[in-house]
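Enquirer: below is the sequence, then the predicted model.
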Protein chains: 2
Amino acid sequence: MSKIRIFLVDDHQLVRDGIKALLISAEDLLILGEASSGRECFEKIALDPPDILILDISLPDTNGIEITKRITVEYPEMRVLILSMYTNEDFIFNSVKAGARGYLPKNTSREELLSAIHAIYEGEEFFSDTISRIMLKSYVRKAKEDDLSPQRGPIPLTSREIEILKLFAEGYINKEISDQLDISIRTVETHKNHIMKKLELKSTVELIKYAIRNKIVEL
Amino acid sequence: MSKIRIFLVDDHQLVRDGIKALLISAEDLLILGEASSGRECFEKIALDPPDILILDISLPDTNGIEITKRITVEYPEMRVLILSMYTNEDFIFNSVKAGARGYLPKNTSREELLSAIHAIYEGEEFFSDTISRIMLKSYVRKAKEDDLSPQRGPIPLTSREIEILKLFAEGYINKEISDQLDISIRTVETHKNHIMKKLELKSTVELIKYAIRNKIVEL
DNA sequence: ATTTCCCTTAAGAAATTCACGTAAGATCAC
DNA sequence: GTGATCTTACGTGAATTTCTTAAGGGAAAT
């Protein structure tokens, strides 16, 4: 049975040594090599590509997220495990977005690190409890925003105005709107002016954006 | 110390009895009452509002998500715990969106149910492992979509065209664009015509939507 | 009953856009 | 070098929108 080949990227010697010490006793793992910068990382893995790349977020010449992006393009088979002291939601989100398969905080345990390595080697995703909690918070926040945003500013428009705004933002020109609603084109214009004044919008562009933001039309 | 007041909504007698049996021995909980439909639920809680509402998703006259929505409006202090046999991502998302504080699958354990009740009573959110996993999957999926979508259709526009489109979609009129870029207004018009033809867009409205979709401008 | 708000219509003037066509210099790939 | 593409630019007439001002009728509120 072949071992899981691992490459380590972190700019602190001590951290790399610590991780190696934790992993050395694991029979099925093989530490292929290590690097302390993005440049060094790509030079070395080009010669001998690992299965798993363990990446720190902050590095001298670049960052783990940028490396992850390049990896997913250049080595689609390679799995990236982010190991970072930052548990900031943006870092997590962007890491996942960039293609990372796992994310662990640096104060993780040996057991968790091993679980993570095995999980992502098997094609799973792995996030530590701390990270999962942050992701869940974010999930909840997003779901709530999704609910609140459409009605945060109660729409002060009349139903007729909304009707006209809807058609306009769907791409109909005034003439078509007036035909559809069987009213004069002048009326359509007046309505639009009213809307713009009410909402203090200065251009039709803003009008369209308003309609989209307030879910009067689909994007 | 006052007990946590609980109200149960599920259309199956057996399920309600099962939950009651699980909770009856918990000293700090008080089962206020139960209902088998949305209508019955609102009638009863109006008389004696509970702290926590345990809700099934599927009900004869409505569903748990609709009830949750009404609860968050009419009883903002009341916490909703969804207990459903469905672990569908949409149900979970919409439940959270509607204001549910927790979500458990029906095959949950007594311990987990108690943990959930206590957690959401304390103002926390609670999701079982199964549900958390689904939420995480969704998180990952969304992060990936967020990454893929902007480049699904490679933008066939030149950098100058993108520049013009950006300014236009930001709300500048042609004259302002021509001033900013120090080119003729005719040129701005020509560029816009080129863009519209390339993308087969029929109106400026579509042009703006295109710019937003492709993240050339913020909404 | 009076007021207020909404919907409607209207029109002229100014500004803007649209839809054509035309064209010339720059850059880049073959 | 040659052709293709990009960028720049102009013209013209028609279409459209925008701005502004004005006003009547109906419905709802006070």
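Expert: Happy to help now that I have it.
Enquirer: let me see the ranges of the helices in chain A.
Expert: Remark: helices assigned in chain A by DSSP state H are A:13-24, A:38-47, A:64-74, A:89-98, A:110-121, A:129-148, A:159-169, A:174-181, A:185-199, A:204-213.
Enquirer: buried ones in the first one?
Expert: The one in question is helix A:13-24. Neighbour-count burial for helix A:13-24 flags A:15-16, A:19, A:22-23 (criterion: 16 or more other Cβ atoms under 10 Å in any protein chain shown). For the C-beta atoms, the positions are set from N, CA and C on the backbone; glycine is no exception.
Enquirer: quickly list the domain ranges of chain A.
Expert: Domain ranges of chain A: A:4-129, A:151-213, per automatic domain parsing.
Enquirer: chain center to the longest one: distance?
Expert: Same thing as domain A:4-129. 18 Å (Cα atoms, centre = their mean, to the nearest Å).
Enquirer: could you work out the end-to-end span of it for me?
Expert: End-to-end span of domain A:4-129 (Cα to Cα, to the nearest Å): 24 Å.
Enquirer: hmm, back to that, make JSON lines out of the buried residues of helix A:13-24 and add distance to B:N193 and pLDDT.
Expert: Below are the buried residues of helix A:13-24 laid out as JSON lines (distance: Cβ to Cβ, whole Å; pLDDT from 0 to 100):
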{"residue": "A:V15", "distance to B:N193": "57", "pLDDT": "80"}
{"residue": "A:R16", "distance to B:N193": "57", "pLDDT": "89"}
{"residue": "A:I19", "distance to B:N193": "58", "pLDDT": "87"}
{"residue": "A:L22", "distance to B:N193": "62", "pLDDT": "86"}
{"residue": "A:L23", "distance to B:N193": "61", "pLDDT": "89"}
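Enquirer: which pair of the residues you listed spans the longest distance?
Expert: Taking Cβ to Cβ as the measure, the buried residues of helix A:13-24 reach their widest spread between A:V15 and A:L23, a distance of 12.5 Å.
Enquirer: if I look at the closest residue in space to A:L8 that isn't next to it in sequence, how far off is A:S109?
Expert: The shortest distance from A:L8 to any non-neighbouring residue, by Cβ to Cβ, 6 or more residues apart in numbering or on different chains, is to A:E34 (4.0 Å). For A:E34, the distance to A:S109 (Cβ to Cβ, to the nearest Å) stands at 21 Å.
Enquirer: those two: who's more crowded?
Expert: Higher neighbour count among A:E34 and A:S109: A:E34, with 19 against 11, using other Cβ atoms under 10 Å in any protein chain shown.
Enquirer: now do the more buried one, the pLDDT please.
Expert: Per-residue pLDDT puts A:E34 at 94.
Enquirer: what parts of chain A come near DNA strand D?
Expert: By Cβ under 7 Å from any atom of the strand, the residues of chain A that approach DNA strand D are A:173-175, A:185, A:189-190, A:192-193, A:196, A:202-204.
Enquirer: including neighbour count, distance to chain B and pLDDT, could these go into a markdown table?
Expert: Compiled in a markdown table, the residues of chain A next to DNA strand D are given as follows (neighbours: other Cβ atoms under 10 Å in any protein chain shown; distance: Cβ to the nearest Cβ, whole Å; pLDDT from 0 to 100):
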| residue | neighbour count | distance to chain B | pLDDT |
| --- | --- | --- | --- |
| A:I173 | 16 | 7 | 86 |
| A:N174 | 18 | 12 | 86 |
| A:K175 | 10 | 12 | 87 |
| A:I185 | 14 | 16 | 89 |
| A:E189 | 14 | 16 | 85 |
| A:T190 | 13 | 20 | 86 |
| A:K192 | 19 | 13 | 87 |
| A:N193 | 10 | 17 | 83 |
| A:M196 | 17 | 12 | 86 |
| A:K202 | 11 | 7 | 79 |
| A:S203 | 14 | 5 | 83 |
| A:T204 | 17 | 8 | 86 |
